[in-house]
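J.: how would this look folded up:
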Amino acid sequence: MRHTRRWRVHNYGARRHVPGHLRARPDAILVSAETAKDYSIVPGDRIKIRVPDATGNLKTVDFTMAGIALEFPTAPTDAFLVANLGYLVAQTEVGTAHV
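T.: Just a heads-up that it's a prediction; the model follows:
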């Protein structure tokens, strides 16, 4: 059985508080415990998520599951994802104001 990293991600206004995995590996993503359970996702799994690009068309973006986020400011308490904004913007060519 693999050890799963679990984080409480708090909003203190600085990127340095975001787990280093998101900075060290741009395609890393944290998922809620419910999402991980529902989709049987474990750390290291490749995840494909469809998100709107600059034109509104859906584009598939590849991520690697880095761990479980137990909570995140402004996220619902059940199912959510936490990803690197810079990576998402680069993959979809959408400005940060639209993400």
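J.: So what's the residue count around residue 80?
T.: By other C-beta atoms under 10 Å, 16 other residues sit near residue 80. Any C-beta I mention is one placed from the backbone N, CA and C, and that applies to glycine too.
J.: Could you measure from the nearest residue to it once chain neighbours are set aside over to residue 51?
T.: In space, and not counting its chain neighbours, residue 80 is closest to residue 32: 4.8 Å by C-beta to C-beta, 6 or more residues apart in numbering. Computed as C-beta to C-beta, to the nearest Å, the residue 32 to residue 51 distance reads 17 Å.
J.: Which one of the two is surrounded by more residues?
T.: residue 32 (21 against 14).
J.: wait, what's in contact with that one?
T.: Residue 32 makes contact with 68, 69, 70, 75, 78, 79, 80, 81, according to C-beta atoms under 8 Å, 6 or more residues apart in numbering.
J.: doesn't residue 41 make contact with the last one?
T.: In other words, residue 81. No - the pair residue 81 / residue 41 is not scored as a contact, 10.2 Å apart, by C-beta atoms under 8 Å.
J.: Mutual contacts of these two, please.
T.: With C-beta under 8 Å, 6+ apart, residue 81 and residue 41 have common neighbours 31, 35.
J.: can you give me the strands for the chain?
T.: 6-8, 28-31, 46-52, 58-71, 81-83 (DSSP state E).
J.: Minimum distance to residue 94: which of those has it?
T.: strand 46-52 (7.2 Å; C-beta to C-beta).
J.: Convert the C-alpha atoms of that closest one to PDB, please.
T.: Output of strand 46-52 as PDB, limited to C-alpha atoms (Å, rounded to 0.1, in the frame of the first residue of the first chain):
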ATOM      1  CA  ARG A  46      -1.800  10.500 -14.700                       C
ATOM      2  CA  ILE A  47      -5.100  12.400 -14.900                       C
ATOM      3  CA  LYS A  48      -6.600  14.000 -18.000                       C
ATOM      4  CA  ILE A  49      -9.000  16.900 -17.300                       C
ATOM      5  CA  ARG A  50     -10.900  18.800 -19.900                       C
ATOM      6  CA  VAL A  51     -11.000  22.500 -19.400                       C
ATOM      7  CA  PRO A  52     -12.000  25.500 -21.600                       C
END
